[in-house]
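J.: here is the input, now give the coordinates:
(one chain, ligands or ions: 2)
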Amino acid sequence: MHPFKKIYMINTAVANKVKKGTKLDKKYATPYPKETYLFWYESMLLMRKFEEKSGQLYGQQKIKGFCHLYNGQEACVAGAVSALKEGDKYITAYRDHAHPLALGTDPKYIMAELFGKATGISKGKGGSMHMFDKEKHFFGGHGIVGGQIPLGIGIAFAEKYKGTDNLCMTFMGDGAVRQGAFHESLNLAMLYKLPIIFVIENNGYAMGTSVERSSNITDLYKLGSAYDMPSKPVQAMDVEQVHEAVKEAAEKARKGMPSLLEFKTYRYKGHSISDPATYRNKEEVESHRQKDSIEAVRTTILVKNIADENELLEIEEKVTQQIAAAVTFAEESDFPKPEEAYQDVYVQKDYPFLTT
Ligand SMILES: Cc1ncc(C[n+]2csc(CCOP(=O)(O)OP(=O)(O)O)c2C)c(N)n1
Ligand SMILES: [Mg+2]
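T.: Ligands and ions are numbered 1, 2, ... in the order given. The predicted structure follows:
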């Protein structure tokens, strides 16, 4: 379909230069397969459109309860998934729709969960904040700020104990680093040399509180230095930079060295759907939208002739259809039966301290 056998990566800044007619300097070219670019474009577009639809459905009261959208942060997950392998584990907080989408969970199960339907990925009993997918190695979906961090080191410990070469990606927000559990987990991860990558998705705010208002150190990756943990900031509106940073950290993790990555990102919507976001102005949001990761990867694909408009259009249509099918599936599914409330409370049926 396209003239190149070898595909070259260029970063967003370079793509913009080319757009303006400036000749591309060879030093910026880095090889990546076409599939990677198309994976980024498709998965990020799916996340974006899925979330936009969820927002609309919330307005129609089809989706109720808490609902935190990920718009703007898509590159954080897409770049991580493309850099890792089958068997690696993932865990995050409550802003959790995008992670299973990138891992290949059928959107219909995620949409059904948002509707609270029995066919949902957590049987309609978790809702927006509690997505799980065992097959895709996605361990949720956690509502307690920072609560997933010690669980992440537990998962990483299990991998080490079993002697696999899998790692655990442990995502958290900037607000979570103020929890003691974050520091305890970093310490233990280094002490036990666990295969883990801690990712702070620093979107600038914990609800309405900016990082500047709550943190003496605003470059949050620096917190890792107290534990001698390899730590660095990543411009996470750029999916290629995310991919590179995760790839490098994964090599370390598989050799038993944890990392802390601070993804500098931004959420376009409020903290949750009910947040009017009066703590920031339109100009601020707009300045981040200018760096939109989906637009950037689209530009790169076209400018470098990695794929043409028609191929991208096919992807866009596929995404639209997937989302329409997901909504129909969710609408047509039943709510869980009341007795379901007593099921799945404990996974281990013979747990020794259970009384009947
Ligand atoms: C232990 C705990 N304290 C407070 C809350 C209320 N709360 C929910 S989200 C949130 C902000 C967290 O922000 P951040 O970690 O930056 O994640 P983001 O929402 O930006 O993704 C707070 C304080 C909570 N869920 N858990
Ligand atoms: Mg935040």
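
J.: mind telling me which residue of the stretch 201-350 of the chain is nearest ligand 2?
T.: As assessed by Cβ to the ion, ligand 2 sits closest to residue 203 within the stretch 201-350 of the chain, at 4.3 Å. For the C-beta atoms, the positions are set from N, CA and C on the backbone; glycine is no exception.

J.: what's the local residue count around that residue?
T.: 24 (other Cβ atoms under 10 Å).

J.: my guess is it contacts residue 267. True?
T.: Yes. Using Cβ atoms under 8 Å, residue 203 is in contact with residue 267, at 4.5 Å.

J.: overlap in contacts, these two.
T.: 72-73 (Cβ atoms under 8 Å, 6 or more residues apart in numbering).

J.: from residue 336, how far out is the residue of the stretch 201-350 of the chain closest to ligand 2?
T.: 33 Å (Cβ to Cβ, to the nearest Å).

J.: and the strands in this protein?
T.: With DSSP state E as the criterion, the chain has strands at 8-9, 30-31, 89-91, 168-173, 196-202, 205-206, 209-210, 231-235, 259-264.

J.: how long is stretch 133-149 from one end to the other?
T.: 18 Å (Cα to Cα, to the nearest Å).

J.: who touches it?
T.: 66, 87-94, 96, 99-100, 103-105, 109, 121-122, 126, 129-132, 151, 155, 170-173, 175-179, 181-182, 185, 198, 206.

J.: touching ligand 1 at all, that stretch?
T.: Yes. Stretch 133-149 reaches ligand 1 (Cβ under 6 Å from any ligand atom) through 143-145.

J.: quick one, helices of this structure?
T.: For the chain, the helices defined by DSSP state H cover 12-19, 34-59, 74-83, 98-103, 107-115, 148-162, 180-192, 211-214, 239-254, 282-289, 293-303, 309-332.

J.: and the second one, what does it pack against?
T.: In terms of contact count using 3 or more Cβ pairs under 8 Å, 6 or more residues apart in numbering; DSSP states H and E, helix 34-59 is assigned the packing partners helix 74-83, helix 98-103, helix 107-115, helix 239-254, helix 293-303, helix 309-332.

J.: got the buried residues for the fifth one?
T.: Within helix 293-303, the residues that qualify as buried by neighbour count (16 or more other Cβ atoms under 10 Å) are 293-294, 296-303.

J.: ok now it, how far from the chain's centre?
T.: 19 Å (Cα atoms, centre = their mean, to the nearest Å).
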